[in-house]
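K.L.:
Only the shape, not the letters, is given here:
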Ligand SMILES: [Fe+2]
C-alpha cells in the first residue's frame, strides 16, 4: 500500500512518424477530437487529442530522429498496446462495424477475455475486445464489459475459481 491513491491512467503518449496521417486516423477513423497541435522545433510536432471533455486523452509526438520511418520497421516503439474503453456492447459492436467499413484491418478478435471466450482463461476480465493498429503499427484495443474487482477481493473469486476442473 502506498501513501496515496492514484485514480486511473490519464493519458498515453504515442510516437508517430507522420502527424497528418496519424491525426487523420485518430480523428477521422476513431472519432477523437483535436484539442491542439503545436510544433516543438527540433523536438518535432505534438498534438493533443481527446475523447470527450478532458483536455487530452492521447498525445501524439513525432520523433525528431526518425521523421520518416514507421515504428514497426525501426523497432523503437516500446508500447505493448493501448486499450480504450467503450461503455456498452452495443456501442462496441458499432465501433467494430464502423472501423471495418472504413477499411481498418482487425488484427485480432473480436473475442472475449475470460472463461466465456476460452474455458482455460478463467483469469480474464470478461472484456469483449478487438485489436487493430494505428498507421505506425502501434497496437490498439477497443473493449467493453471489464468486470470490477472491488476492495481488494481475490480474483478469480473462490466460488468459481475451479469451475473448469469440475
Ligand atoms: Fe488489453
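P.N.:
Thanks, I have the structure now. In this text, all values refer to a predicted model and were calculated from it rather than measured experimentally.

K.L.:
going forward, measure contacts between C-alpha atoms and count neighbours the same way
P.N.:
OK.

K.L.:
Moving C-terminal from the helix or strand residue 84 falls within, which element do we reach first?
P.N.:
Residue 84 belongs to strand 82-85 when assigned by DSSP states H and E. Counting by DSSP H and E, the next helix or strand C-terminal to strand 82-85 is helix 89-101.

K.L.:
From the contact counts, what lies against that next one?
P.N.:
Judged by 3 or more Cα pairs under 8 Å, 6 or more residues apart in numbering; DSSP states H and E, helix 89-101 is in contact with strand 139-144.

K.L.:
Can you list the strands that the strand it packs on pairs with?
P.N.:
Paired strands of strand 139-144, with direction, are strand 82-85 (parallel), strand 127-133 (antiparallel) (DSSP bridges).

K.L.:
Pull out the buried residues from the strand or helix carrying residue 23.
P.N.:
Residue 23 belongs to helix 19-23 when elements are defined using DSSP H and E. The neighbour-count check on helix 19-23 (16 or more other Cα atoms under 10 Å) flags 19, 22, 23 as buried.

K.L.:
average pLDDT across it?
P.N.:
For helix 19-23, the mean pLDDT works out to 95.

K.L.:
Excluding sequence neighbours, find me the nearest residue to the residue positioned nearest the centre of the chain.
P.N.:
The centroid of the chain falls nearest to residue 83 when counting by Cα atoms, centre = their mean (2.3 Å). Distance criterion Cα to Cα, 6 or more residues apart in numbering; nearest residue to residue 83, sequence neighbours excluded, is residue 141 at 4.4 Å.

K.L.:
Would you mind confirming that the one you found makes contact with residue 131?
P.N.:
Yes: with contact defined as Cα atoms under 8 Å, residue 141 counts as touching residue 131 (4.5 Å).
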